[in-house]
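Chemist: Fold the following, please.
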Amino acid sequence: MNVYLHVFVSRYTMPAQRIRIDVLTIFPDMFTGPLTESLIQKAREKKLLRIDIHDLRNFTTDKHRSVDDRPFGGGPGMVMKAEPIYAALKKLRAGRSAKNRPHVVYLSPQGKTLNQKLVCEVAGYRHIVLLCGHYEGVDERVMEWVDQEISIGDYVLTGGELPAMVLIDSVARLLPGVVKETASVERDSFYNGLLDYPHYTRPPVFQGRPVPDVLLSGHHARVEQWRREQSLTRTLTRRPELISKARLTAEEKKFVTRGKVRK
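Modeler: All right, here's what the predicted structure looks like:
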């Protein structure tokens, strides 16, 4: 583990070895494809990740299986009812002490914006419940049972299902054994606070554009230095606000300053 990754990880919760995720939704079929392919499916097969999808309509008591109703006070749209959500959470909490209760996350546009720091935080819980909102949201009284609200960005989506899938994917890849090469995770964009460096593969020349010589040199120290500088440059150019939060050496700070002057 390089020094930058060590500093980053040591500040936040390390992921649990195995994680259970329960999803509360009114559209369970939406999860069939995304959660049965690629790394997530491999994680499930390895028993590193357990995912159970629960249809909130199964926790209703009326013949119409109603999960929503008109808002008190009038206004447009519908509001998700408290009763089915409470019944689902009660079942998932049954027999568990307060210490071992699942961490309940409500996917909401009012939540804290998801970033890698927050992903690492969520990945530290062994049991997570994801509540997918819809319509105008959930009855406010539901928030009494919610531990955390998370948003994936300042834009409007149909519901919380897609954000839940994003969160599951980002958490799953942190689990040891999910991604074959640990170094691949360690070098991901945002993991050390910076954007990733450029990547190249065969052929060495494509449409007249060669791979940078340093990557063909076999000199590992020079390659690492080039990659770090490219990461700094790309971050400075595309997401300059991240630079102030990154842990930089004195030499790297000078490099960034020179880049700012050139700009």
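
Chemist: Just give me the longest helix of the protein.
Modeler: In the chain, taking DSSP state H as the definition, the longest helix is helix 220-238.

Chemist: For burial, what's the neighbour tally of Val256?
Modeler: Neighbourhood size, Val256 [other C-beta atoms under 10 Å]: 20. C-betas here are computed from N, CA, C, even on glycine.

Chemist: Local confidence estimate at the residue lying farthest from the centre of the chain?
Modeler: Relative to the mean C-alpha coordinate of the chain, counting by C-alpha atoms, centre = their mean, the farthest residue is Gly208 (38.0 Å). In this model, Gly208 is scored at 96, pLDDT.

Chemist: Ok, the one 10 residues further on next?
Modeler: According to the model's per-residue confidence, Gly218 sits at a pLDDT of 96.

Chemist: ok, now Asp52?
Modeler: Confidence at Asp52, expressed as pLDDT, is 98.

Chemist: so who does it touch?
Modeler: Shown in contact with Asp52 (C-beta atoms under 8 Å, 6 or more residues apart in numbering): 20-23.

Chemist: run the last query once more with 6 Å
Modeler: Listed by C-beta atoms under 6 Å, 6 or more residues apart in numbering, the contact set of Asp52 reads Asp22.

Chemist: report the longest strand in this protein, please.
Modeler: Across the chain, the longest stretch assigned as strand under DSSP state E is strand 103-113.

Chemist: before we move on, back to that, what inclination does the very next helix or strand once past the longest helix of the chain have with respect to helix 220-238?
Modeler: Per DSSP states H and E, helix 220-238 leads on to helix 250-262 as the next helix or strand towards the C-terminus. Here the directions of helix 250-262 and helix 220-238 differ by 40 degrees (axes from the mean of the first three to the mean of the last three C-alpha atoms, to 10 degrees).

Chemist: excluding its backbone neighbours, what's nearest Val122?
Modeler: Leaving aside its chain neighbours, Val122 sits nearest to Val171 (5.7 Å; criterion: C-beta to C-beta, 6 or more residues apart in numbering).

Chemist: now swap in His127 and tell me
Modeler: Pro102 is the one closest to His127 (C-beta to C-beta, 6+ apart), at 4.0 Å.
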